[in-house]
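Novice: okay, sequence plus prediction incoming.
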Amino acid sequence: MKIALYCPNKPLRDPAPSGDRTIAQGIHQALQALGHDCVEISTYRSRWFWKSGQGWWRASLGLLHAWRRARVSRPRLWLTYHSYYKSPDVLGPIISRWLRIPYVLFQPMYSTRRRKDPATRIGFYLNRFAIRSAAHAFTNNLLDLPALHRILPKEHITYLAPGIFPEEFQCDPDAGLAVRRSHGITADLPLILTAARFRPGVKSQSLTYLFRALAPLARDGPPFQLLVVGDGPMQNALRELAVRLLPGRVTFAGGIPRHEMVRYYSAADLFAFPGIGESLGMVYLEAQACGLPVVALDTAGVPQVVCRNQTALLVPQDGGAAMTAAVRRLITDPKLRRELAAHGPIFILEGRNLHHNYAALAQRLVAIQHQHAV
């Protein structure tokens, strides 16, 4: 089946790495592998476009170009990934109606409180129009279900658990040792890995939280080294904070492409990232697939991507003391580390496997298209 794929927030080839881009690329990859002709129909980014006259002009051009391409390619279904108030889909609801094909959303987000703020009101109504136009909506986040149930009938919503392709993240001990050697970290030193974009907001807040939680261990705890993967605009500030709080205990690896992250997961003994405000967190899935125990906050969407007390230790957001204790426990208890590590790949393979999840997605899309045609 020919499918028009559109990502209004971030196109498939956007240079900035993120969980959103990873999920969208996974959907595209899976549908192609299952024999569907899935083509990105437009790279127009609708983020906050209504805030300027030029933005409205670009939106009009985006609609025109997408319409021309869709009219030639004649897709049988339109699939939009991630429409929400900041980046509402203003192409799919219109073009799908012109083409008389079903319009489907994957990971729409809906929040009525955005209607009350003048800065987000237009985005709210545009996004609401997109969601109400959908023949079906898929979500991989349980936290979004209650809001979606307020705007769409229950039978038009399907939950698919978040996941990864397990074969992309399998532990490679030799590659892990090479990473350790390249950074001067001995094979017997407990290594904590963390990874995030160094951008303002919850990412930098999480890294700051982690550095402060590890500071007591750096002063009077067991030996360890923290390996930090990532880069971004907050780089200098975060480096200075880490060096001040964790003198001699932190190594910065810089930005690493996702396909090379398996080497860094393979080098570490545990993965720690608080996940403040994290909607899901792809890094947790990747770390578990590589057999890394996870330490994170019991907050937001993190519990959906780990298996509590079997692959991860989730702690309350108490300022850092609970995270300090959890990391100390894993560093000093190799047996517990091995137990959590052993469960990680099994959890991913059986419960967070995108091959299974996206096969179900593809079957449902075919059914939606068939029902629409009938």
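Specialist: Ah, there it is.
Novice: mind listing what's buried along the helix or strand hosting Ala213?
Specialist: When secondary structure is defined by DSSP states H and E, Ala213 falls within helix 202-220. Within helix 202-220, the residues scored as buried using 16 or more other CB atoms under 10 Å are 202-204, 206-218. C-beta coordinates here come from the backbone N, C-alpha and C atoms, glycine included.
Novice: and if you look at stretch 51-70?
Specialist: Those would be Ala59, Gly62, Leu63, Ala66, Trp67, Arg69, Ala70, for stretch 51-70 by 16+ other CB under 10 Å.
Novice: export these as JSON lines, with columns for distance to Leu177, secondary structure and pLDDT.
Specialist: Conversion of those to JSON lines gives the following (distance: CB to CB, whole Å; DSSP: H, G, I helix; E, B strand; the rest coil; pLDDT from 0 to 100):
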{"residue": "Ala59", "distance to Leu177": "51", "secondary structure": "helix", "pLDDT": "96"}
{"residue": "Gly62", "distance to Leu177": "48", "secondary structure": "helix", "pLDDT": "96"}
{"residue": "Leu63", "distance to Leu177": "53", "secondary structure": "helix", "pLDDT": "97"}
{"residue": "Ala66", "distance to Leu177": "49", "secondary structure": "helix", "pLDDT": "97"}
{"residue": "Trp67", "distance to Leu177": "54", "secondary structure": "helix", "pLDDT": "97"}
{"residue": "Arg69", "distance to Leu177": "48", "secondary structure": "helix", "pLDDT": "96"}
{"residue": "Ala70", "distance to Leu177": "50", "secondary structure": "helix", "pLDDT": "96"}
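Novice: how about the helices in the protein?
Specialist: With DSSP state H applied, the chain shows helices at 19-33, 53-73, 92-99, 121-133, 145-149, 173-182, 202-220, 235-245, 261-267, 282-289, 321-332, 334-351, 354-373, listed in chain order.
Novice: helices and strands around the fourth one, which ones?
Specialist: Other elements packing on helix 121-133 under the criterion 3 or more CB pairs under 8 Å, 6 or more residues apart in numbering; DSSP states H and E are helix 92-99, strand 103-106.
Novice: what's in contact with the shortest one?
Specialist: The set of residues external to strand 103-106 that reach it, using CB atoms under 8 Å, 6 or more residues apart in numbering, is 27, 77-83, 89, 92-93, 96-97, 130-131, 133-140, 361, 365, 368.
Novice: other residues contacting stretch 271-279?
Specialist: By CB under 8 Å, 6+ apart, the residues outside stretch 271-279 that reach it are 19, 141, 143, 192-196, 201-202, 205-207, 209-210, 213-214, 265, 281, 283-284, 287, 292-297, 299-302, 317, 323, 327.
Novice: may I see the ChimeraX selection of the buried members of those?
Specialist: Selecting in ChimeraX just the buried members of the contacts of stretch 271-279, where the criterion is 16+ other CB under 10 Å, is done with this command:
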select :19,141,192,193,194,195,196,202,206,207,209,210,213,214,265,281,283,284,287,292,293,294,295,296,297,299,300,301,302,323,327
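Novice: most tightly packed of the helices and strands packed on helix 121-133?
Specialist: When you average the neighbours per residue for each of these (mean count of other CB atoms under 10 Å), strand 103-106 leads with a mean of 26.
Novice: CA atoms only: put that strand into CSV for me.
Specialist: Extracted C-alpha coordinates of strand 103-106, given in CSV (Å, rounded to 0.1, in the frame of the first residue of the first chain):
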residue,chain,number,x,y,z
TYR,A,103,-6.2,10.3,7.5
VAL,A,104,-4.4,8.6,10.4
LEU,A,105,-2.4,10.0,13.3
PHE,A,106,0.4,8.4,15.2
